[in-house]
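[1] A predicted structure for the sequence below; I have some questions about it.
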Amino acid sequence: MTAVPRSRTTAPVTSLKGVGQALADKLARLGVFTVQDLLFLLPLRYEDRTRIVPIGSLRAGDRAVVEVEVELTEVVYRGKRQLLSRVSDRSGFLTLRFFHFTSNQAAGLARGVRLRCFGEVRRGNIGLEIVHPEYRFVDEAADAPPETLTPVYPATEGVQQGRLRRLTELALEALDADGVTEWLPHEVLEPLHLPSLRDALTLIHRPAPDTSLESLAAGKHPAQRRLSFEELLAHQLSLKLLRRTIRSDPAWALPDQQLVTRLRESLPFKLTRAQQRACDEIARDLREGTPMLRLVQGDVGCGKTVVAALAAAQAIGAGYQVALMAPTELLAEQHARNFTAWFQPLGIAVGLLSARLTGRGRTTLLENIAAGHAQLAIGTHALFQEGVRFRKLALVIVDEQHRFGVHQRLRLREKGEHEGQYPHQLIMTATPIPRTLAMSAYADLDASIIDELPPGRTPVKTVVMPESRRDEVVAHIRQACVEGRQAYWVCPLIDESEAVRYQAAEETASVLAEALPEIKLGLVHGRMNAAQKDAAMERFKRGDLSLLVATTVIEVGVDVPNASLMIVENAERLGLAQLHQLRGRVGRGTHASSCLLLYKPPLSPLARERLGVLRETNDGFEVARRDLELRGPGELLGTRQAGLAQMRVADLMRDSDLLPRVQKAAELMLARHATNIQPLLERWIGASEAYGKIG
């Protein structure tokens, strides 16, 4: 398939009548640069303005068109200046209320004037009313009501809905005249039994009155499915192109080394079958001369870190360097402790590039990394800052991938380029990702799944209870601590300033210290510097403290086998994945463990369902699947992941049945229709697709 000659749809938006540079600049904020972009600026919802509804049949909450005559208009002062217009038809009376108006507007709404109005009906002080309705004088609108449902588009400052509707009308005229290029080949489209792109766009912008609003609202109409398929395909192709680009570069081939065997023999435990399987897959990839792109995913406590350590040993044993990037200082420090404990006895130098490392110590570490003396460098995103140079970086390990995003790990990859060779990439996440989501989110990665826990992990009992039962919880803590066990109390006040979070944790610690004078208590929050956090965490790990009050900074990176009780306040305000992570901090020893989720009544139906999921299952993959259903991919992946949360039409959960066909279509287009791919990506992803061209 070849591109059609330049048409009106591919012309800049300024080619449309009435669009000057000022309006074009405003439209650019909506991603509209060409006439075609207007066609892909899709409605958020629809309103039925095709029928004139008698006032007598209106109910509060209806959005409707009424045709009325003005009975009385007056300016009143009831707290603030308002314009009230009493209108009627033969079936009843209605009030139009305006808080913002001009004197000309008030004068125009004179007695006897006929209006056609649209808005949401609500119950007012003197019956039904519409606040700030859209209206036209009937004399000026002798035309019949619109013949299609009225679209409501994404808004931007300075561009009203009426203007957007007129512009999309002009774009649809251009579509009727010249069509729009169909970049999907016939062999992809035919088995789908969906409308053509032209028909789909026409229906979505101007649905007929008998089109099911329920179907459109659910995103299930065939026209929407047609566009969802194309958008999912564009995202799939962008990630596959990224993978192809990276895999086309050479990498250091890392044969198995004696160091891997020595590390494995020094471990005080035996790998699970799932860990062994992941290690074998990684070792095979590292032996190849093309860059590994592998995701290791598994539940909290499944042992991903030791799998990463064995991969690092394979690279270091071959004479190369490894970089491990973590999302937080706390997690980077935890990794540094673990890796140092494993590697130091084997003569491997581990360097931690943390924010608190300054002066000569920082300079020395940077020199050691540049010279290759620091064989394993651990840090946060600081690892890819300008001042960090590696001598021979062969493996990049990224922990908690969803907190970074594609761009950041690509920057670390570019930093590792040496003599034309690129490092291997190992991505770890403790957020199990349902297969449906992984198919789209990580199409550039191979996946290894660690789906079993090491022996000895005890299931955690989860209890959901109102905050009014805090006294019972405090008694539960006292009992556990008296018996020699330890407990966490997490204060996750979200959507507040850091200062408020700090204050809440301080107050909770003070109240608990008063209620439990016999219990040694510590405090960890985000305002403490790394040394203070470290000191408190170390005391808790040693058992000097029995109760640790914390904000969610302890979500990851803390391993205290003696801790058997986790209390989470305001649990209804956290996502399932985060709650599951917090729950994973207990149950790491031999004691029966509990997680108590305190909530503030009343619970919304959604919050009740989410907390119920945690009560029902300890399986992180099941939790992740339900999280995806209830909260969407943005919560599970983080908003920075590959733009997935910003899809315009597609919904990964709703449209999951399309994904197998999307994958097949992507492979077919890469094999037979490569020239169609770039314009398809520009249509759906635009500038954000740039990461697919790095390499």
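    Sure, I can see it. Numbering: from 1, shown residues only.

[2] Centre of the chain to the top helix by length along the chain, how far?
    Taking DSSP state H as the criterion, the chain has its longest helix at helix 222-247. Helix 222-247 has its C-alpha centroid displaced from the chain centroid by 18 Å (CA atoms, centre = their mean, to the nearest Å).

[3] Would you mind listing the buried residues in that helix?
    223-243, 245-247 (16 or more other CB atoms under 10 Å). Backbone N, C-alpha and C define where each C-beta goes, glycine included.

[4] list the helices and strands it packs on?
    Packing partners of helix 222-247 (3 or more CB pairs under 8 Å, 6 or more residues apart in numbering; DSSP states H and E): helix 197-205, strand 293-298, helix 435-441, helix 659-672, helix 677-684.

[5] next structured bit after it?
    Under the assignment DSSP states H and E, the closest C-terminal helix or strand after helix 222-247 is helix 258-266.

[6] Can I get that following helix as CSV, trimmed to CA atoms?
    Output of helix 258-266 as CSV, limited to C-alpha atoms (Å, rounded to 0.1, in the frame of the first residue of the first chain):
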residue,chain,number,x,y,z
GLN,A,258,33.1,-19.7,37.7
LEU,A,259,32.0,-16.6,39.7
VAL,A,260,28.3,-17.6,39.2
THR,A,261,29.0,-21.0,40.6
ARG,A,262,30.9,-19.6,43.6
LEU,A,263,28.1,-17.2,44.4
ARG,A,264,25.5,-19.9,44.2
GLU,A,265,27.5,-22.2,46.4
SER,A,266,27.9,-19.4,49.0
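
[7] Okay, buried residues for that helix please.
    In helix 258-266, residues buried by neighbour count (16+ other CB under 10 Å) are 259-260, 263-264.

[8] Could you do stretch 512-520 as well?
    Buried residues in stretch 512-520 (16+ other CB under 10 Å): 512, 516, 519.

[9] Below-threshold pLDDT in the stretch 501-650 of the chain: ranges please.
    501-503, 530, 553-558, 628, 631-646 (pLDDT under 70).

[10] before we move on, what about the stretch 51-200 of the chain?
    Using pLDDT under 70, the stretch 51-200 of the chain drops low at 140-143.

[11] can you map out the strands along it?
    For the stretch 51-200 of the chain, the strands defined by DSSP state E, counting those that start in this stretch cover 63-78, 80-89, 92-98, 114-124, 127-131, 134-137, 150-152.

[12] Then the stretch 251-400 of the chain?
    For the stretch 251-400 of the chain, the strands defined by DSSP E, counting those that start in this stretch occupy 293-298, 321-325, 350-353, 376-379, 393-399.

[13] can I assume N562 is in contact with R485?
    Yes. With contact defined as CB atoms under 8 Å, N562 reaches R485; the gap is 6.0 Å.

[14] shared neighbours, these two?
    H591 (CB atoms under 8 Å, 6 or more residues apart in numbering).

[15] weakest of the helices and strands packed on helix 222-247 by average pLDDT?
    Ranked by mean pLDDT, the helices and strands packed on helix 222-247 end with helix 435-441 at the bottom, a mean of 66.
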